[in-house]
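Student: Using only what follows, build the 3D model:
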Amino acid sequence: MSRGVWVKSGAVVALLVVGVAARAATVQNVRAWSGPEGTRVVFELSGPVEHRAFALADPDRVVIDLPSSSAASGLDLVDPKGAVTALRSGAQPDGVLRLVLELNQPAKPKTFMLVPQAQYGYRLVVDLPPATAEPIVRRPPQTTTDRGRDIVVVVDAGHGGEDPGALGRGGAREKDVVLAIAKKLAAEVDAQPGMRAVLVRGGDYFVAHRKRMEIAHEARADFFISIHADSYRDPTAKGSTVYVLSDKAASDEAALLLAQRENASDLIGGVALADKDQMLARVLLDLSQSAAMNASMVAGQRLIRRMSAVTAMRRREVQQAPFLVLKSPDIPSVLVETAYISNPREEASLRSAKYQSALAVALRQGIVDYFAANPPEGSYFAANPPAATPEVVRHVIARGETLSGIAERYQVSSASIRRTNSLRTDVLRVGQVLTIPRS
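Tutor: Predicted coordinates for the structure are as follows:
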């Protein structure tokens, strides 16, 4: 285990990281990401290494020294991001490899090592928080009496930056496809009268799970939806799934919030817990959490009904799981696994702009369905109920499917499918689109 010690003297701020034993390593590659919380630079290494990092001013730069180490030929930061404008490297007389990040603003480096995981080996991470942290935008809800306030939908694209998520066999990365879907969903929500979207991340950078929850609270969200893409070792696994928080995870989160309530400045369900005794705080938290979880289940089922029109569902009922991003005790929250990126056919769909758009429309329709039936007090939806949109379910025929199997899946009769689609026989062709009648 290593420990970091800050030493400040004049224009120099240093971070000395002391390891158990000195090791030599080769810096094989470098990449960077930038987001609202600063810039992250990741050095890929051949093994763990001691390192020392410090900042210099006039001009602003960060220096990282690696004892007895070397850099691969042609090491370069191809695409500088955020605070970093360039990378220089060179061997010192004492055998130390010196890496210099040239900056466009002052920064205090925070460094840590990551051990091998999945396709990655050892990594040295250098975080460069901005000199002045950008506050999360808090947009007050619109409250004009004749219009009503907007319903705020926070759209969370999973993973990002150093965390690519699941990888498809054709090269698709979960972080990329879910960001594309999230942006399309946000555009759909913004186009819906009485709704406004807030994106957790708008680019390729990582946001910590609890930070994602914070962003939802800062935005005063009415609804939180996290977009992901599933993966499994069996490449034939397919379908979408909608999750809400499990009871056990909710109970654990409640215990954590109660233990921290003395330091809590946030409101839970519109009420501060910090000044409440243990029993009252527990009752208030339970009420808020139960309402949010029930709402999540109802909203999740609405999403499934709409998604069924554009994609196969692995589960036609809402599932429960202990996903951390779903733990807000006062915001209805769902996580959507849009498809299996490990399935080549579904990976191709995830990369398709047409599929992304169709899925975004379905998700927006599901959210609208939920709030049309459950409009928040004072909202535009409460004052102006949206007209019901017919729920047309269409099914694209995949290889091996039969009419009887499709009828059983949607719980309708084969005869009603034939009538609705003017089919003379039960013979189907791959790619054919069927309209599924209501049961």
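Student: only C-alpha atoms for contact and neighbour calcs from this point on.
Tutor: Noted.
Student: Specify the local secondary structure of Arg40.
Tutor: Classification of Arg40 using DSSP: H, G, I helix; E, B strand; the rest coil returns strand.
Student: what's the closest non-adjacent residue to it?
Tutor: Asp127 (4.5 Å; C-alpha to C-alpha, 6 or more residues apart in numbering).
Student: partner residues bridging that neighbour?
Tutor: Arg40, Lys110 (DSSP bridges).
Student: these two touch, right, it and Lys110?
Tutor: Yes - Asp127 lies in contact with Lys110 (C-alpha atoms under 8 Å); the separation is 5.0 Å.
Student: Give me the more crowded residue out of these two.
Tutor: Taking other C-alpha atoms under 10 Å, Asp127 and Lys110 do not tie; Asp127 has more neighbours (21 against 17).
Student: got the contact list for the more buried one?
Tutor: When contacts are counted by C-alpha atoms under 8 Å, 6 or more residues apart in numbering, Asp127 touches 38-41, 109-111.
Student: Name the nearest of the residues you listed relative to Arg409.
Tutor: Ranked by distance to Arg409 (C-alpha to C-alpha), those are led by Arg40 at 46.7 Å.
Student: report the longest strand in the chain, please.
Tutor: Counting residues, the longest strand found in the chain (DSSP state E) is strand 26-35.
Student: Name every strand pairing with that strand and say which way it goes.
Tutor: Going by DSSP bridges, the partners of strand 26-35 are strand 38-45 (antiparallel), strand 70-71 (parallel).
Student: how about the ones you listed in CSV, adding mean pLDDT and distance to Lys354?
Tutor: Shown next, in CSV, are the strands paired with strand 26-35 (pLDDT from 0 to 100; distance: least, C-alpha to C-alpha, whole Å):
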stretch, mean pLDDT, distance to Lys354
strand 38-45, 90, 33
strand 70-71, 91, 43
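Student: Please identify the most buried of those strands.
Tutor: Mean neighbour count, computed with mean count of other C-alpha atoms under 10 Å, is highest for strand 38-45 among the strands paired with strand 26-35, reaching a mean of 22.
Student: just checking, what packs against the helix or strand following it?
Tutor: Following strand 38-45 in sequence order, the next helix or strand is strand 51-56 (DSSP states H and E). Secondary-structure packing of strand 51-56 (3 or more C-alpha pairs under 8 Å, 6 or more residues apart in numbering; DSSP states H and E): strand 12-18, strand 61-66.
Student: quick one: terminal-to-terminal distance for stretch 81-101?
Tutor: End-to-end distance of stretch 81-101 (C-alpha to C-alpha, to the nearest Å): 11 Å.
Student: And the contacts of it?
Tutor: By C-alpha under 8 Å, 6+ apart, stretch 81-101 touches 32-35, 38-39, 61-71, 76-77, 80, 102-105, 128, 130.
Student: ok, Ala292 to Tyr380 distance?
Tutor: Where Tyr380 is concerned, Ala292 sits at a distance of 21 Å (C-alpha to C-alpha).
Student: what residues are up against Ile151?
Tutor: If you count contacts by C-alpha under 8 Å, 6+ apart, then Ile151 has 141, 194-196, 221-222, 376, 379-381 around it.
Student: Make TSV from the residues you listed and add pLDDT and neighbour count to it.
Tutor: Supplementary listing: these in TSV, determined by pLDDT from 0 to 100; neighbours: other C-alpha atoms under 10 Å:
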residue	pLDDT	neighbour count
Pro141	46	17
Gly194	93	23
Met195	94	21
Arg196	95	20
Ala221	94	23
Asp222	95	20
Pro376	92	17
Ser379	93	23
Tyr380	92	24
Phe381	93	24
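Student: Would you mind confirming that Gly170 is in contact with Glu346?
Tutor: No - the pair Gly170 and Glu346 does not pass the contact test of C-alpha under 8 Å, sitting 10.7 Å apart.
Student: Which residue of the two possesses the greater neighbour count?
Tutor: Glu346 (24 against 13).
Student: The more buried one - that's part of a helix, no?
Tutor: Yes - counting by three-state DSSP, Glu346 falls inside a helix.
Student: Use 2 as the first number from now on
Tutor: Let's use 2 as the start, then, which means that last one is Glu347.
Student: my guess is it meets Thr339, correct?
Tutor: No - look at Glu347 against Thr339 with C-alpha under 8 Å: they stay out of range, at 9.4 Å.
Student: how's the chain carved up into domains?
Tutor: According to automatic domain parsing, the chain comprises the domains 4-129, 152-384, 394-437.
Student: tell me the most buried of those domains?
Tutor: domain 152-384 (a mean of 20).
Student: Quick one: end-to-end length of it, please.
Tutor: 12 Å.
Student: now swap in stretch 309-329 and tell me
Tutor: 27 Å.
Student: for stretch 199-214, same thing?
Tutor: End residues of stretch 199-214 are separated by 12 Å (C-alpha to C-alpha).
Student: can you list the weak-confidence ranges in the protein?
Tutor: 2-24, 119, 132-147, 248, 250-290, 389-393, 440 (pLDDT under 70).
Student: Can you report phi and psi for Ile152?
Tutor: Main-chain torsions, Ile152, degrees, to the nearest 10: phi -80, psi 130.
Student: which non-adjacent residue is nearest Leu304?
Tutor: Per C-alpha to C-alpha, 6+ apart, closest to Leu304 is Gly367, 4.3 Å.
Student: Do I have it right that that neighbour meets Ala310?
Tutor: No - here Gly367 lies out of contact with Ala310, judged by C-alpha under 8 Å, at a distance of 11.2 Å.
Student: ok so, going back, you'd agree the residue nearest to Leu304 is in a helix?
Tutor: Yes - assignment of Gly367 by three-state DSSP places it within a helix.
Student: pretty sure Ala310 is touching Tyr411, no?
Tutor: No - checked against C-alpha under 8 Å, the pair Ala310 and Tyr411 is beyond contact range at 10.9 Å.
Student: just to revisit the earlier point, how far does the longest strand of the chain sit from the chain's center?
Tutor: Centroid separation for strand 27-36 versus its chain: 21 Å, with C-alpha atoms, centre = their mean, to the nearest Å.
Student: Other residues contacting that strand?
Tutor: So strand 27-36 is contacted by 40-48, 70-73, 76-84, 162-163, 202, 204-207 (C-alpha under 8 Å, 6+ apart).
Student: Quick check: Leu115 vs Gly166, distance?
Tutor: Taking C-alpha to C-alpha, one finds Leu115 at 16 Å from Gly166.
Student: repeat for Arg99
Tutor: The value you get for Arg99 to Gly166, if C-alpha to C-alpha is used, is 31 Å.
Student: before we move on, what about Ala158?
Tutor: 11 Å.
Student: Can you check which residues contact both of these two?
Tutor: Lys176.
Student: Tell me the span between the first and last residue of stretch 76-88.
Tutor: 9 Å.
Student: what about it, distance to the chain center?
Tutor: Worked out by C-alpha atoms, centre = their mean, stretch 76-88 lies 25 Å from the chain centre.
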